[in-house]
Structure formats: C-alpha cells, structure tokens
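In: quick one, structure for this:
(one chain, ligands or ions: 1)
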Amino acid sequence: MTVKIAIFGGGPGGYVAAIRAAQLGAEVTLIEEHNLGGTCLNWGCIPSKVLITTATLLENIKKADVFGITINGEVFPDIRRLMERKDKVVGDQRKGILDLLKHHKIQYLKGTGYIKGKGLAGVRLSEGGEQEVPWDKLILATGTKPSPLPSLPFDGKRIISSNDALCLHEVPQSILIVGGGVIGCEFAFILSALGAKVTIVEALPRLLPLPSVDEDCSKVLQREMKKRKISFFVNKVVESFSEVDNKLEVTIGPSPFLENPTEKDKRPITETVDKILVCVGRIPNSTNIEGLDLLNIQLDQKGWVIANELMETSDPKVYAIGDLLGPSKIMLAHVASAEGLVAAENAVGGKVRMDYSAVPGAIFTSPEVANVGLTEIQAAEQGYQVRSDTVLFRTLGKAHVIGEIAGQAKIVSEEDSGRVLGVHIIGPHATDLIAEGTLAVRMGCSVRDLAQTIHAHPTLSEVIGEAAFKAIDRPLHG
Ligand code: FAD
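Out: Now for the predicted structure:
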C-alpha cells in the first residue's frame with residue numbers, strides 16, 4: 001500500500017523530506033503557507049548571502065588600487081538594484097523548487113495547514129477555499145520566526161527584525177544591532193560595508209558566543225571588526241531607548257549574566273542611532289498550528305517540538321524536523337534537510353538515525369568562520385586528552401595572492417590516537433574549506449590521514465594540510 005505523507009512547511013526541511021519520500025514511493029502532499037524555500041530561501045541563508053556578496057565586492061573594489069586597478073570616480077552601493085538582484089536570485093530558486101516538486105509528482109498546496117484529527121489535515125488555501133489531506137504519516141517542518149524583545153518590539157521601521165533588514169530601501173547612517181550571534185555579526189559586516197556606522201551589543205562575554213564556535217575565532221573576528229570600525233560591547237544589554245530629534249537614544253547597561261560587575265561595568269553608555277536591529281533568536285511556529293493538541297505531540301516549555309533521533313515525535317505517526325526542534329538540536333538549513341531525509345526514510349518504514357556529530361557550521365562574516373566537531377573545551381569536557389594545532393593563513397602563498405591574510409585554522413585532535421575531533425577555521429573561504437574537516441570528523445580520520453593527503457598548491461586548503469603536519473610534529477611552513 002502506498003504511504004500517504006503530508007508535510008507542513010516548504011523550507012529546506014520540508015521540501016527535501018518531500019522529495020526523498022516521493023523517491024521512496026510515497027504519495028506526498030507538501031503544504032506551505034508563504035513561499036517555497038522557507039526562512040532559508042526567503043528570509044535567511046540566500047538573501048543574506050546575496051547582500052554579503054555585494055558588500056564583499058564593494059569592499060574589494062575599494063581595495064582595487066592594491067591590486068593595480070585605478071578606479072576613476074565614486075564607488076557606492078545602489079540599494080534598489082541590490083534588492084532587485086536579491087529578489088531575482090530568490091525567485092529563481094523558488095521556481096527551481098517548484099519544478100523539483102512537479103518532477104517528483106508531489107502535490108503542492110499553498111495555504112495554511114492545520115490538524116483536523118488523527119490522520120487528517122486541513123489546508124486553508126491561499127487562493128481561497130479549503131482542502132482536506134488524509135495522511136498515514138505527518139512531517140512537521142514549520143520552522144520559526146524572529147523573536148522580539150519585550151522592551152524592543154518590532155515596528156518594521158526603527159526597530160527591525162532580520163526580515164526587515166533584508167528589505168531595506170536605504171542604508172541607515174547608523175544602526176545598533178542587539179545580539180552578537182551569527183545573524184547579528186553577519187548583518188554587522190553587511191551594513192558596515194554598505195556604509196552604516198554599526199554598533200553591536202552582546203549580553204555574553206564574546207561575539208559569536210556559541211559553544212560550537214572556538215573562542216580564538218571570536219577573538220580574531222573581534223579584531224577584524226575593530227579594523228572595520230564596527231563597535232561592539234560585550235557583557236552589555238540595551239536597557240532602554242527613547243526617540244530624540246528623529247533618532248533613537250539607546251541606553252546600554254551591564255548584562256544580567258555578568259557576575260560581579262565593576263563600577264565601570266555598571267556605568268550606562270548612551271548611543272544615538274537611526275535604527276535598532278534585534279537579532280536575539282527565533283521562536284517556533286508550533287503553537288500556531290491549529291489542532292496540534294489533537295495529536296499527542298510533546299512540546300517543551302518554549303514550544304519547541306521534542307523529537308528523537310529517528311525524528312519521531314511522541315506521536316509515532318508524526319515526525320518533526322528542522323528549526324522547529326529548537327536550539328537543543330542545531331538550527332541550520334543543512335541540518336533541517338538532513339533531518340528531512342531521515343524523517344522521510346522512517347516515514348516509509350525505515351529505521352535511520354540522525355547523526356549530529358559532524359555538522360559543519362558556516363558563518364558568513366568577513367573573514368568567514370566555520371567549524372565542525374568539538375572545540376578544545378568541549379573535547380576536554382568529554383574526557384579526551386586534547387591536542388590542538390593552529391596555522392595562520394598568513395603562512396600561505398595563496399592568502400597573500402588574494403590579499404586576505406587574516407585568520408587561522410585549528411585542528412583539535414585526540415592526543416594519543418591523533419583522531420580529528422574538531423576543525424575550526426576563521427579566514428578566507430572558511431565556509432568552503434570546512435568540508436574537508438567535516439569528512440575527517442565523519443570518517444574518524446586521524447591528523448596523519450590529513451597530513452598524508454596532498455593539498456593542491458597554491459590553494460587555501462593548504463592551511464588544513466599544514467595544521468595536520470603540525471599535529472604530527474612535522475610542520476613545514478608554520
Ligand atoms: P523554515 O525554513 O523556517 O521553513 C518553515 C516553513 O513552514 C516556512 O516557509 C513557513 O511559512 C511554513 N509554515 C509555518 N507554519 C505553517 C503551516 N501551519 N502550514 C504550512 N506552512 C507553514 N542556515 C544555514 O544553514 N546557513 C546560513 O547561512 C543561514 N543564514 C541565515 C540567515 C538568517 C538571516 C536567518 C534568519 C537564518 C539563517 N539560517 C541559515 C537558518 C536557516 O534559515 C534555517 O535553519 C532553516 O530555514 C530551517 O529550515 P526549516 O525547514 O526547519 O524551517
């Protein structure tokens with residue numbers, strides 16, 4: 001009998017699950033209330049990287065003189081055309097997903113999905129009307145939306161979310177970014193390169209304060225931000241703001257997470273800006289799924305759906321994947337897709353487990369940051385005898401050729417066996433270079449395996465080869 005699978009949400013979790021389930025012979029219905037591609041394509045990965053590409057190009061053009069190119073006249077960004085390009089890239093990709101759904105004979109319904117009962121979903125179609133969708137298995141992939149701060153509610157104009165920041169009509173003269181995590185730091189580089197004066201306020205002691213991000217990467221990033229005149233405050237929070245002469249006057253005070261603040265820490269700081277961009281996290285699209293209480297699905301206190309490694313929820317016929325599972329899993333597009341593949345396989349009778357041990361993280365700041373596996377701290381906490389070996393990009397010919405010498409690559413390995421436990425890179429093309437580290441962690445390679453792998457010259461990938469040579473006590477250049 002053909003298994004009927006309904007999927008709520010057409011982001012990188014939901015549409016990938018749909019394709020795999022259809023490949024495995026299921027009759028699939030994908031329900032998406034806004035646009036195919038979800039947050040990733042419409043409000044996240046892709047549009048932000050279009051902006052980053054222009055920001056980087058602009059920075060490079062301004063450095064053209066160094067490369068022997070004379071530019072006569074002013075160089076400045078045209079935001080209207082940048083947004084047009086962003087919309088075109090996103091539109092083309094959306095069409096690509098639609099073509100894939102047709103190719104795999106997946107029924108696509110544009111509308112809001114809700115639960116009518118066990119085995120039956122309803123869809124309020126965007127074009128009007130309702131449709132019932134019977135299912136044997138249901139996959140929830142409804143993702144998240146930006147989280148406001150109670151003291152800084154979004155108004156879409158002065159106090160904006162990452163969604164609003166991707167649709168700006170002009171570059172603000174000055175902007176304060178609340179939250180120095182991945183999204184906040186990426187926007188800091190974009191907006192600064194496009195001409196805004198940027199200030200970041202982060203409540204924790206460092207930028208990119210994620211456990212998976214190596215502390216040295218944060219240090220290098222902070223140094224590079226200073227070079228670009230991006231101001232940042234760590235261990236601080238926004239206490240209040242008021243409108244003065246068409247500007248926002250923001251008061252910044254000590255973070256509640258800061259233990260034993262000194263008098264200096266407690267002294268309030270005032271910044272005057274045009275806009276505030278709030279990037280303090282995301283909230284799940286779970287409680288807004290009507291009728292979810294008709295199924296036995298366990299949510300945690302914040303509304304994140306609880307799922308096991310088979311991606312099963314507490315209702316054995318319902319799977320959940322992607323950002324909807326919250327920060328206890330990893331909130332990245334490629335993780336959502338990987339979980340989607342697992343859910344699809346299991347929904348048609350498989351027993352596949354999701355493996356979170358080798359998930360690469362890619363952060364598109366300037367320079368880029370990327371990581372996979374354990375940091376030194378995490379490895380030590382897990383009881384490993386840890387060794388770490390770092391090589392600077394400035395030791396590579398290619399880094400000098402392209403004029404990007406800031407940054408480093410670090411291999412975290414197990415002292416005795418040499419097994420690669422983690423790789424942490426900050427530097428040019430770090431987000432591409434991490435692929436080798438991901439394979440190494442996934443396959444349980446040793447630093448000797450990496451050192452014996454020939455890396456092409458002159459390439460940035462040599463940084464991994466060199467770090468591996470160092471890790472076997474045979475450094476050549478570092
Ligand atoms: P989503 O992509 O959020 O998709 C969920 C979909 O479900 C949405 O389209 C929504 O409309 C739909 N939906 C909700 N409720 C219903 C309903 N009841 N019925 C029907 N449809 C419904 N990740 C990376 O890996 N790399 C990056 O570079 C990156 N950059 C990012 C930059 C920004 C600014 C942001 C905000 C995020 C970024 N992310 C990045 C994270 C990435 O976007 C998410 O991890 C990813 O989109 C999660 O996929 P998902 O399928 O779980 O959910």
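In: residue 12: which element?
Out: Residue 12 is part of no helix or strand, with elements assigned from DSSP states H and E.
In: and the residue of the stretch 201-350 of the chain found nearest the ligand, how far from residue 302?
Out: Nearest residue of the stretch 201-350 of the chain to the ligand: residue 322, at 2.0 Å (C-beta to the nearest ligand atom). (C-beta placed from N, C-alpha, C; glycine too.) Distance check for residue 322 against residue 302: by C-beta to C-beta, to the nearest Å, it reads 16 Å.
In: for these two, indicate the residue with more neighbours.
Out: Legend: neighbour count by other C-beta atoms under 10 Å for residue 322 and residue 302, higher for residue 322 (36 against 13).
In: contacts only, for that one.
Out: Going by C-beta atoms under 8 Å, 6 or more residues apart in numbering, residue 322 touches 9, 11, 12, 13, 14, 141, 143, 335, 336, 339, 340.
In: what helix or strand is residue 340 on?
Out: According to DSSP H and E, residue 340 maps onto helix 333-347.
In: mind checking the SS state of residue 61?
Out: helix (DSSP: H, G, I helix; E, B strand; the rest coil).
In: pull the number of nearby residues for residue 350.
Out: Residue 350 sits with 12 neighbouring residues when counted by other C-beta under 10 Å.
In: repeat that for residue 154.
Out: 18.
In: contact partners for it?
Out: So residue 154 contacts 146, 148, 160, 161, 164, 278 (C-beta under 8 Å, 6+ apart).
In: near the ligand, which residues of the stretch 201-350 of the chain show up?
Out: Contacts of the stretch 201-350 of the chain with the ligand, taken as C-beta under 6 Å from any ligand atom, map to 285, 289, 322, 323, 324, 331, 332, 333, 334, 336.
In: any chance of the residues you listed in JSON lines, plus pLDDT?
Out: What follows is these, written out as JSON lines (pLDDT from 0 to 100):
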{"residue": "285", "pLDDT": "96"}
{"residue": "289", "pLDDT": "94"}
{"residue": "322", "pLDDT": "98"}
{"residue": "323", "pLDDT": "98"}
{"residue": "324", "pLDDT": "98"}
{"residue": "331", "pLDDT": "96"}
{"residue": "332", "pLDDT": "97"}
{"residue": "333", "pLDDT": "98"}
{"residue": "334", "pLDDT": "98"}
{"residue": "336", "pLDDT": "98"}
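In: quick one, helices of the stretch 101-250 of the chain?
Out: With helices called from DSSP state H, counting those that start in this stretch, the stretch 101-250 of the chain shows them at 162-165, 182-194, 215-227.
In: highest mean neighbour count out of these?
Out: Mean neighbour count (mean count of other C-beta atoms under 10 Å) peaks for helix 182-194 among the helices of the stretch 101-250 of the chain, with a mean of 24.
In: so what sits opposite the nearest residue to residue 361 once chain neighbours are set aside in the bridge?
Out: The shortest distance from residue 361 to any non-neighbouring residue, by C-beta to C-beta, 6 or more residues apart in numbering, is to residue 371 (4.8 Å). Here residue 371 shows beta-bridge partners residue 361, residue 424, assigned using DSSP bridges.
In: neighbours around the closest residue to residue 447 other than its chain neighbours, how many?
Out: Excluding the flanking residues, the one nearest residue 447 by C-beta to C-beta, 6+ apart is residue 471, at 3.7 Å. Residue 471 has 25 neighbours, counted by other C-beta under 10 Å.
In: can you name the residues in contact with the helix holding residue 340?
Out: With contacts defined as C-beta under 8 Å, 6+ apart, helix 333-347 is touched by 3, 5, 11-18, 20-21, 24, 26, 40, 44-45, 137, 139, 141, 143, 309-312, 319-323, 325, 329, 352-354, 356, 359-360.
In: recalculate using a threshold of 6 Å.
Out: 5, 12-13, 16-17, 20-21, 40, 45, 137, 139, 310-311, 319, 321-322, 352, 354, 359 (C-beta atoms under 6 Å, 6 or more residues apart in numbering).
In: give me the buried entries from those residues.
Out: 5, 12-13, 16-17, 20-21, 40, 45, 137, 139, 310-311, 319, 321-322, 354, 359 (16 or more other C-beta atoms under 10 Å).
In: in helices, which of those residues fall?
Out: Counting by DSSP state H, the part of the buried ones among the contacts of helix 333-347 found in helices is 16, 17, 20, 21, 40, 45.
In: turn these into a markdown table, columns for pLDDT.
Out: Listed next are these as a markdown table, based on pLDDT from 0 to 100:
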| residue | pLDDT |
| --- | --- |
| 16 | 98 |
| 17 | 98 |
| 20 | 98 |
| 21 | 98 |
| 40 | 98 |
| 45 | 97 |
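In: rewinding a little: isn't the residue nearest to residue 447 right next to residue 409, touching?
Out: No - look at residue 471 against residue 409 with C-beta atoms under 6 Å: they stay out of range, at 11.1 Å.
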